[in-house]
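Visitor: take a look and give me a structure for this.
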Amino acid sequence: MAGHSKWAKVKHFKGAIDAKRARIFAKLSRELSVAAKLGGADPDMNPRLRMVLLKCRTANMPSDNIERAIRKGAGDGETANFEDLTYEIYGPHGVAMLVELSTDNRNRTAAEIRSLLAKNGGSIAASGSVSRLFQRKGLIIVSREAADEDRLMELALEAGAEDFRAEPEGYEIVTAPANLEEVHRQIETKGIKCAAAEVTWLPAVTAPVSEHDASTVNRLIETLEEHDDVKEVYTNAGSSSGAG
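Guide: Alright, predicted model coming up:
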């Protein structure tokens, strides 16, 4: 299931072909506009907008696109009234998913998501049955080329990180959601460039999925991610060999 790890998502953002890149930018533009409409155009005064801007940086979104989306949300443009939703879903092979959406038509989105699930082996779960399997955390990703492991670990923990993980691709720094920005700032102040930084849902319990079964799980994840209203898909799928 490495295909849907945070590392894979960073690589997907960086190397997306034009069609996928356009879809990523369109979704981020919506998030920017909604954040600016709800909390204003000044990132210093708008935590939600700051979080979206971090995602935009990971995706290499052009500054012109960013500024245009913020102006649209903060001004008097035709920005629809969006609401945030989180769907709790059971996918194939016992995999649990949290799906975050932003929609201007709850009924339309619900019908479309249920149809996608029915066609791809998923179902809506009872409220709380999936969310209890995840923890809300800040996550910072740093490539191996960007930092020395010992120095980065010391810096991260001193800045208030909860956990530090060395992975084959690089380093994952876990924080409390409220501490993400400060830990991220402390790291980048030392000249270490982070590949990504976001508040996310990390699985507390993983569901082992074999290579044979992974394709059906991936198909549902990819189908959900392609839906215009879906912002993020979080899953507790893990490799049956024990690798996450």
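Visitor: select the longest helix from this protein.
Guide: helix 18-39 (DSSP state H).
Visitor: what lies in contact with whichever helix or strand comes after that helix?
Guide: Next helix or strand after helix 18-39 toward the C-terminus (DSSP states H and E): helix 47-58. Residues from elsewhere that reach helix 47-58, judged by Cβ atoms under 8 Å, 6 or more residues apart in numbering: 10, 13, 28, 31-32, 35-36, 38-44, 66, 70, 181, 184, 195-199. C-beta here means a position set from N, CA and C on the backbone, and glycine is covered the same way.
Visitor: buried set for the longest helix of the chain?
Guide: Within helix 18-39, the residues that count as buried by 16 or more other Cβ atoms under 10 Å are 21, 24-25, 27-37, 39.
Visitor: show me the strands in this protein, by range?
Guide: Taking DSSP state E as the test, the strands found in the chain are 83-90, 96-103, 123-124, 134-143, 163-166, 170-175, 196-203, 207-209, 230-235, 237-239.
Visitor: would you turn those into CSV with mean neighbour count and mean pLDDT?
Guide: Shown next, in CSV, are the strands of the chain (neighbours: other Cβ atoms under 10 Å; pLDDT from 0 to 100):
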stretch, mean neighbour count, mean pLDDT
strand 83-90, 17, 95
strand 96-103, 22, 95
strand 123-124, 12, 97
strand 134-143, 20, 95
strand 163-166, 14, 95
strand 170-175, 22, 95
strand 196-203, 20, 93
strand 207-209, 20, 91
strand 230-235, 22, 94
strand 237-239, 20, 83
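Visitor: could I get the ones you listed as TSV with distance to Asn60?
Guide: TSV is the format used below for the strands of the chain (distance: least, Cβ to Cβ, whole Å):
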stretch	distance to Asn60
strand 83-90	25
strand 96-103	22
strand 123-124	34
strand 134-143	15
strand 163-166	25
strand 170-175	18
strand 196-203	11
strand 207-209	30
strand 230-235	18
strand 237-239	27
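Visitor: Ala59: which of those strands is closest?
Guide: Ala59 lies closest to strand 196-203 among the strands of the chain, at 9.4 Å (Cβ to Cβ).
Visitor: is the nearest residue to Ala126 once chain neighbours are set aside in a bridge, and if so with what?
Guide: Nearest-residue entry for Ala126: Glu88, 7.5 Å, with adjacent residues in sequence omitted and distances by Cβ to Cβ, 6 or more residues apart in numbering. Beta-bridge partners of Glu88, counted by DSSP bridges, are Leu98.
Visitor: who are the contact partners of Glu88?
Guide: Glu88 touches Ala96, Met97, Leu98, Ile124, Ala125, Ala126, Ser127, Gly128, Ser129, Val130, Ser131, counting by Cβ under 8 Å, 6+ apart.
Visitor: so what's Pro60 scoring on pLDDT?
Guide: Not quite, residue 60 is Asn, not Pro. At Asn60, the predicted lDDT confidence score is 88.
Visitor: okay, now the domains of this protein?
Guide: 2-74, 83-132+205-238, 133-203 (automatic domain parsing).
Visitor: fine by me, thanks again.
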